[in-house]
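Undergrad: Based on what follows, work out the 3D shape:
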Amino acid sequence: MKINSPLEAYKFLPGTNCGECGETSCMAFASHLIDRSLKATDCTPLVNESKYKKKYDELVTLLAPEIREVVIGVGDNAISIGGDDVLHRHKLTFFNKTALAYDVWDTMEETDLVERVNKIQDFKKFYVGDYLTLDMIAVRSVSNDPEKFAATVKKVMETTEFPMILCSFEPAVLRAGLEVAAEKRPLLYAANKDNWQEVAALAQEFNVPVTVFAPNDLDLLKSMAKTFADNAIEDVVLDPGTFPTGKGLKTTLNNFLKIRRASINGDRDIAFPIMAVPFTAWMAHDDEVSASYWETVVASIFTIKYGDIMIMHSIEPYALMPQLHIRDTMYTDPRKPVTVDPAVYEIGSPTADSPLLVTTNFALTYYTVESDLSSNGVDCYLTAIDTDGIGVEAAVAGGQLTAAKIKKGLDDAGFDMEKLTHKVIVLPGLAARLQGDVEDETGAGVMIGPADSGRLPGWMEQNWPPQK
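TA: Below you'll find the model as predicted:
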């Protein structure tokens, strides 16, 4: 049995509506258990009162995701991977974004190493109200020298707080890295058929997560994962091998599908996060352009199909942006439109003579309009009306954008129309039908702007200020 609805979760709660969790009722709390914004431990009576112990234990078990959630790193910089319950995000959602780790190696000059680490940790791109960023550093042992590897790991730790993956098949090299970095809880990469006993011992000794690697051998992969779990090493990541070209790529995709389907359907022995290594594209292609291109292609495929963590190489913007955008798309909950807070925002340095424009609080709409205005130096007030995150045309048709809501939005924002010399509201072209109602509701004059915000600067030149 798996809990999939608030009603099912509610059966395990005290039902007292005590409010200690911060919610008004136990049913409201139950809904947050399902979307994982709250945890069972947030219910104080359930945790502290002995009469609820059985219910608490059952609830925790039944809420546990089908795919084990593995945490890499510590503190605010820790990355969680896995933790999913479904094969397709529209059935619920995907919770933990694919973690992107970019490599450094232990034969780099120190200045080059620090420069590359800084590029990885400092990269960010503003997109729909948030920043797209990278997540981790994968430290590769090229030298096979434990001392050199340890020195590289130490320098990485001095440069960034990003979580790390320690990459070597040599247990002595991994131990040297762990002796420096164990307190940061890095991910070990990797245990294979030759070294699994030594690497398992390291994972136990230092209490860190570990990757098991069996290229194109799912039986061996499952066997190693089960052996590790049976020995109380439960923070396991699976790497079935990433073959970046031709039939090998098809085989890799099929392996990912088999693992995730089996996991979601109840095979606990293999229900762990999956690692993809698009970095292998650099081993299959001689020139940098082809390698970078195919690395991005492979990464995109396995962002869509169950890659929970990846090791990558190219940090050029042309390679990063497609991957970051597709990850953001896949891990945006399709049931919850991305929104901005309803408010009246100042664009540039508006004055009493500046226009007051209306849009919705759908983030993509708002930031498109905001960008078109700010990039063209238009000083104005921009009102984001609460339409439950729906765009202008659909909100007008569905009744989420109305004259009453526009009036309420201005009132809630504390915006006084009397501060404007013109007393005019500019509606988007797609909301033209609301003109009369808005005039009646607000007592202001209404002008209809263009349907496309990209035409606002030209529209302003021809129509602003309004004729008296």
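Undergrad: Just the CA coordinates for stretch 164-175, please, in PDB.
TA: C-alpha atoms of stretch 164-175 as PDB (Å, rounded to 0.1, in the frame of the first residue of the first chain):
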ATOM      1  CA  MET A 164      31.600  16.600  -4.600                       C
ATOM      2  CA  ILE A 165      31.800  13.300  -6.400                       C
ATOM      3  CA  LEU A 166      35.200  11.500  -5.900                       C
ATOM      4  CA  CYS A 167      35.900   9.600  -9.000                       C
ATOM      5  CA  SER A 168      38.300   6.700  -9.200                       C
ATOM      6  CA  PHE A 169      38.200   2.900  -9.400                       C
ATOM      7  CA  GLU A 170      41.300   2.700  -7.100                       C
ATOM      8  CA  PRO A 171      40.200   2.200  -3.500                       C
ATOM      9  CA  ALA A 172      43.500   3.700  -2.200                       C
ATOM     10  CA  VAL A 173      42.800   6.900  -4.200                       C
ATOM     11  CA  LEU A 174      39.200   7.100  -2.900                       C
ATOM     12  CA  ARG A 175      40.500   6.600   0.600                       C
END
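Undergrad: Quick check: mean pLDDT of that stretch?
TA: Stretch 164-175 carries an average pLDDT of 98.
Undergrad: Need the contact partners of it.
TA: Here stretch 164-175 makes contact (CB atoms under 8 Å, 6 or more residues apart in numbering) with 72-73, 101, 103, 136-141, 144-146, 149, 153, 156-157, 177-178, 181, 184, 186-190, 192, 194-195, 198-199, 202, 211, 311. C-beta coordinates here come from the backbone N, C-alpha and C atoms, glycine included.
Undergrad: Narrow these to just the buried residues.
TA: Among the contacts of stretch 164-175, those classed as buried by neighbour count (16 or more other CB atoms under 10 Å) are 72-73, 101, 103, 136-141, 145-146, 149, 153, 156-157, 177-178, 181, 184, 186-190, 192, 195, 199, 202, 211, 311.
Undergrad: which ones among those are found in strands?
TA: 72, 101, 103, 136-140, 187-190, 211, 311 (DSSP state E).
Undergrad: Generate CSV for those residues, with distance to Ile326 and pLDDT as supplementary columns.
TA: Written out in CSV, the entries for these read as follows (distance: CB to CB, whole Å; pLDDT from 0 to 100):
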residue, distance to Ile326, pLDDT
Ile72, 22, 98
Ala101, 17, 98
Asp103, 20, 98
Met136, 18, 98
Ile137, 22, 98
Ala138, 20, 98
Val139, 26, 98
Arg140, 25, 98
Leu187, 23, 98
Leu188, 28, 98
Tyr189, 24, 98
Ala190, 26, 96
Thr211, 23, 98
Ile311, 17, 98
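Undergrad: wait, which of those is closest to Asp217?
TA: When these are compared for distance to Asp217 (CB to CB), Ala190 comes out closest, at 13.5 Å.
Undergrad: Surely that closest one is in contact with Val212?
TA: Yes: assessed by CB atoms under 8 Å, Ala190 is found in contact with Val212 at 6.7 Å.
Undergrad: Can you pull the residues that touch both of these two?
TA: Asp239.
Undergrad: Please identify the helix or strand for Tyr56.
TA: Element membership of Tyr56 [criterion: DSSP states H and E] is helix 53-63.
Undergrad: so where's this structure uncertain?
TA: The model of the chain has pLDDT under 70 over residues 1, 468.
Undergrad: what domains does the record give for it?
TA: Domain segmentation of the chain under automatic domain parsing yields 6-63, 69-330, 343-463.
Undergrad: Among the ones you listed, which comes closest to Pro337?
TA: domain 343-463 (2.8 Å).
Undergrad: would you list every one of the strands in the stretch 201-350 of the chain?
TA: Remark: strands assigned in the stretch 201-350 of the chain by DSSP state E, counting those that start in this stretch are 210-213, 236-239, 275-276, 309-312, 343-347.
Undergrad: What lies in contact with the fourth one?
TA: Residues from elsewhere that reach strand 309-312 (CB under 8 Å, 6+ apart): 72, 79, 81, 98-103, 136, 138, 165, 167, 187, 189, 237, 273-279, 295, 299, 302-303, 323.
Undergrad: Check the longest one too.
TA: Contacts with strand 343-347, where a contact means CB under 8 Å, 6+ apart, come from 356, 370, 373-374, 378-384, 409-410, 413, 415.
Undergrad: Can you say which of the residues you listed are buried?
TA: Buried by 16+ other CB under 10 Å: 356, 370, 373, 378, 380-384, 409-410, 413, 415, out of those.
Undergrad: Which of those fall in strands?
TA: Leu356, Cys380, Tyr381, Leu382, Thr383, Ala384.
Undergrad: correct me, but the second one touches Ala352?
TA: No: using CB under 8 Å, Cys380 and Ala352 do not qualify as a contacting pair, with a distance of 11.9 Å.
Undergrad: and for those two, which residues touch both?
TA: Common neighbours of Cys380 and Ala352 (CB under 8 Å, 6+ apart) do not exist.
Undergrad: Tell me the bridge partners for Leu357.
TA: Leu382, Val426 (DSSP bridges).
Undergrad: I'd guessed it sits against Thr383; true?
TA: Yes: assessed by CB under 8 Å, Leu357 is found in contact with Thr383 at 6.8 Å.
Undergrad: Let me have the ones in strands among the buried ones among the contacts of strand 343-347 in CSV, extended by distance to Pro465.
TA: As requested, those are exported to CSV (distance: CB to CB, whole Å):
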residue, distance to Pro465
Leu356, 12
Cys380, 12
Tyr381, 14
Leu382, 17
Thr383, 19
Ala384, 23
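Undergrad: between those residues, which is closest to Asp85?
TA: Nearest to Asp85 among these, with distances taken as CB to CB, is Ala384, at 33.2 Å.
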